[in-house]
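A.B. asks: the following block contains a protein sequence and its predicted model.
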Amino acid sequence: MRIVSGIQPTGNLHLGNYLGAIRNWVRMQDEWSAQGGECLYFLADLHAISMPHVPAELAANTREMVAALVSCGIDPDRSILFNQAQVPQHAELQWLLNGTARMGWLNRMTQWKDKAGKNREGASVALYTYPVLQAADVLLYQATHVPVGEDQKQHLELARDIAQKFNNDFASEEKPVFTLPDPIIPPEAARIMSLRDGTAKMSKSDPSDMSRINLTDDADAIMAKVKKAKTDPEPLPSEKAGLEGRPEAANLVGIYAAMAGTSAEAVLADFGGKGFGAFKPALGELLVERLAPMAARYRELRADGEALDAILAKGALKARALAVPTLNATYAALGLVRG
Ligand code: TYM
């Protein structure tokens, strides 16, 4: 039983990352490490260079993301926390898997289509082969479970397809090289949407900071963002079915439910019939109460760059040791001679 997941260090951790993925990372660390399971969490800095970026910002964002993850509850003594760039086996395995991944599979990836947009000729090759690196990230460690948000499901299915084809083509049924990983997607917060548009996911790449709650936002910023969040003029319904066709209302109720650890039905039992004038301050206060301790811890940790680098170096050492056996088996299965 081994849990592996990653996040790109491209700016602040936001509520979508937290509720969609990181909270599950912490939960799994707490539950599984006590039973001898291993959790590997990494910063996908190699993925971050698939889009135009400023090198100095990537370095700063990488350290900030380590501080953010630790402040959310990732414990570097119980989980292996590292960045891809310090574990060269990720890039090595990606190359080996490029022989198995099919162009047609990559052409169907919705993230590739979204991010490349109309200018495919001008997109980087890294953006296109991004999902093969993601497959290498999890297959390298024989991951059994991968906690992610809904938007990463397709990439995980691709990782399974690559693993299956590789095993079929190059391994015996009794001794497969790769484990097929299962995605773990939270039921209540699989997809947190933008505060400005209930049909677009909350994302780091949205140019408007008002579209997302960052884990580093202070209380005033959180209250202001919730107050300005787009809504419709109707009061909240008392049944979940009444949220249909009301994406902004559904999103805010979903955030409240996920944050309070309850269901949308329970939130509507309390707020059904009430307008947003009553609901928004309650949501804002709940967010402030839950996020403030993390934000405070983050500010403390961020100040000590050396300590953050030491966490990554230590994590990378452990990750490399776990990665080597699978990488060796992959070279051998492909008939590559290595002396
Ligand atoms: P990234 O950095 O975009 O997001 C990190 C995690 O946050 C989840 N997430 C969301 N969940 C719910 N609602 C949202 N609005 C929202 N926005 C982001 C993502 O699903 C993800 O779980 N390609 C990955 C990083 C990666 C990875 C991996 C993940 C690289 N290799 C291997 C798992 C396994 C990415 O860009 O996530």
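C.D. replies: Alright, I've got the coordinates.
A.B. asks: show the pLDDT at the nearest residue to Asn167 once chain neighbours are set aside.
C.D. replies: Distances taken as C-beta to C-beta, 6 or more residues apart in numbering place Pro176 nearest to Asn167, at 4.2 Å, with adjacent residues excluded. The C-beta positions use only the backbone N, C-alpha and C, and glycine is treated the same way. Looking at Pro176, its pLDDT is 98.
A.B. asks: tell me, how many residues neighbour Pro176?
C.D. replies: Other residues near Pro176 number 18, with proximity taken as other C-beta atoms under 10 Å.
A.B. asks: read off the pLDDT value for Ala190.
C.D. replies: Reading off the confidence values, Ala190 has pLDDT 78.
A.B. asks: so it sits against Gly149, correct?
C.D. replies: Yes - Ala190 lies in contact with Gly149 (C-beta atoms under 8 Å); the separation is 6.0 Å.
A.B. asks: looking at those two, which is more packed in?
C.D. replies: Neighbour comparison, Ala190 and Gly149: the larger count goes to Gly149, with 22 against 18 (by other C-beta under 10 Å).
A.B. asks: so who does the more buried one touch?
C.D. replies: Listed by C-beta atoms under 8 Å, 6 or more residues apart in numbering, the contact partners of Gly149 are Gly16, Asn17, Gly20, Ala21, Ile185, Pro186, Ala189, Ala190, Arg191, Ile192.
A.B. asks: could you dump stretch 23-38 to CSV, C-alpha only?
C.D. replies: As requested, C-alpha coordinates have been extracted for stretch 23-38 and formatted as CSV (Å, rounded to 0.1, in the frame of the first residue of the first chain):
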residue,chain,number,x,y,z
ARG,A,23,-6.7,17.5,2.8
ASN,A,24,-6.9,13.9,1.6
TRP,A,25,-3.1,13.8,1.5
VAL,A,26,-3.0,14.7,5.2
ARG,A,27,-5.9,12.3,6.1
MET,A,28,-4.1,9.4,4.3
GLN,A,29,-0.8,10.2,5.9
ASP,A,30,-2.5,10.2,9.4
GLU,A,31,-4.4,6.9,8.7
TRP,A,32,-1.9,5.0,6.6
SER,A,33,1.4,5.8,8.0
ALA,A,34,0.3,4.5,11.4
GLN,A,35,-0.4,1.1,9.7
GLY,A,36,3.0,1.0,7.9
GLY,A,37,1.8,2.4,4.6
GLU,A,38,4.0,4.9,2.8
